[in-house]
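predicted model and sequence below, questions to follow.
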Amino acid sequence: MDKYGGQYEGCLRNWLPEDDSVKDMHRYTVSQAEWQEAVGEELEASFPV
């Protein structure tokens with residue numbers, strides 16, 4: 001996310017139900033202004049999984 005001008009916002013504990021358990025969700029955000037400052041007019045981003 002740093003590459004695209006964004007930042008880590010935090011962790012939502014026990015947020016995603018999956019089968020008989022729940023998982024945490026880590027939240028990242030990037031605003032339009034942050035994006036444009038970091039990459040200009042580029043419209044797509046890719047992240048390794």
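Structure's in. What do you need? Numbers count the residues shown, from 1 in each chain.

in this structure, which spans are strands?
For the chain, strands defined by DSSP state E occupy the ranges 7-18, 21-29.

any idea how far Leu12 is from the residue of the chain most remote from its centre?
Distance from the centre of the chain peaks at Asp20, with 25.7 Å (C-alpha atoms, centre = their mean). For Asp20, the distance to Leu12 equals 19 Å [C-beta to C-beta, to the nearest Å]. Placement of C-beta: from N, CA and C, glycine included.

phi and psi next, for the residue farthest from the centre of the chain.
phi -100, psi 20 (degrees, to the nearest 10).

what residues are bridge-paired with the residue nearest to the spatial centre of the chain?
The chain has Tyr28 as the residue nearest its centroid, 3.1 Å off, counting by C-alpha atoms, centre = their mean. Here Tyr28 shows beta-bridge partners Tyr8, assigned using DSSP bridges.
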